[in-house]
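Visitor: Sequence plus predicted model, see below.
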Amino acid sequence: MNNSSTHRPVRSFVRRKGRITSSQKYALENLLPKYGIQYSADLGIIPDSFLGDPESPLIIDIGFGNGELLVSVANENTQTHFVGIEVYDAGIGHCLKLIDENNLKNLKIISGDAVEVLKFGIVDASISEINLLFPDPWPKKRHHKRRIINGDFIQLISKKLMPNGMVNISTDWENYAEQIDALFSERQDFEKKGFSERVLSTKFEERGVVLGHEIYDFCFKLVSQ
């Protein structure tokens, strides 16, 4: 009997064939090779030629949605290098179009599993900041194990962040916020800080507000390794 299925990792996403426009499809086929990569663990460490000058700040944005907020921030901070990680083609395609329209040199896109990218593609102590704005809440209790923010993930990012590096997290689900707060409170190497106001709302933030959800914002600083 083959028991390999018992060792499959629990992923924080499910790849579904969603609707994608012709322009998004064009961007995936023609702009991803220019501004990004399709990542899998066998590719190993991502080179500095893609991630940017190691002496410059590196900000990783996980699950950037349609990319409008990410592009806006990158446009305003041209001396900082940004890398957006996403799994959904429509969002990737839209973001690639915005990068091309704005002629951004400091933003790259990775199509792939963020956990794999961090674990196998990024060297330790190299990231200045990690953003997870409105990750999938997996609201049903039986699906909570799929939430990306768990003890293992926090341990992983503690290795990848530079000393004094920051992680910013937002959610509109109260029990996810409680889980996030509890997990970070258990750690001695993260300190809670004030959250910077966003220049734009994300699509998922706006959806949460329409649903009457409270927005929970967190910022944690890596104080020791």
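Guide: That came through, no problem. Residues are numbered from 1 along each chain as shown.
Visitor: What is the burial count for residue 167?
Guide: 25 (other CB atoms under 10 Å). C-beta here means a position set from N, CA and C on the backbone, and glycine is covered the same way.
Visitor: Also residue 182?
Guide: By the criterion of other CB under 10 Å, residue 182 has 9 neighbours.
Visitor: Check for me that it belongs to a strand.
Guide: No - Residue 182 is assigned helix when assessed by DSSP: H, G, I helix; E, B strand; the rest coil, not a strand.
Visitor: how close does it sit to residue 176?
Guide: 11 Å (CB to CB, to the nearest Å).
Visitor: Skipping its backbone neighbours, what lies nearest residue 207 in space?
Guide: Distances taken as CB to CB, 6 or more residues apart in numbering place residue 172 nearest to residue 207, at 7.9 Å, with adjacent residues excluded.
Visitor: hang on, isn't that neighbour packed against residue 216?
Guide: Yes - counting by CB atoms under 8 Å, residue 172 touches residue 216, with 7.1 Å between them.
Visitor: Tell me how far residue 54 lies from residue 72.
Guide: The spacing between residue 54 and residue 72, counted by CB to CB, is 25 Å.
Visitor: List the buried residues of the helix or strand harbouring residue 98.
Guide: Using DSSP states H and E, residue 98 maps to helix 89-102. Neighbour-count burial for helix 89-102, counted by 16 or more other CB atoms under 10 Å, picks out 89, 90, 91, 92, 93, 94, 95, 96, 97, 98, 99.
Visitor: And residue 54 and residue 72? Which one has more around it.
Guide: Counted by other CB under 10 Å, residue 54 and residue 72 do not tie: residue 72 has more neighbours, with 15 against 10.
Visitor: Show me what residue 111 is bridged to.
Guide: residue 38, residue 86 (DSSP bridges).
Visitor: distance of it from residue 173?
Guide: Residue 111 is 26 Å from residue 173, by CB to CB.
Visitor: Kindly report the same for residue 81.
Guide: 31 Å.
Visitor: So for the two, which sits in the more crowded spot?
Guide: Comparing residue 81 with residue 173 by other CB under 10 Å, the one with more neighbours is residue 81, at 23 against 20.
Visitor: list the contacts for that one?
Guide: Applying CB atoms under 8 Å, 6 or more residues apart in numbering to residue 81 gives the contacts 51, 52, 53, 56, 57, 58, 59, 106, 107, 108.
Visitor: Just the buried residues from those residues, in ChimeraX please.
Guide: The ChimeraX command for the buried members of those (criterion: 16+ other CB under 10 Å) is given here:
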select :51,52,57,58,59,106,107,108
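Visitor: Tell me, how many residues neighbour residue 177?
Guide: Residue 177 is flanked by 19 other residues according to other CB under 10 Å.
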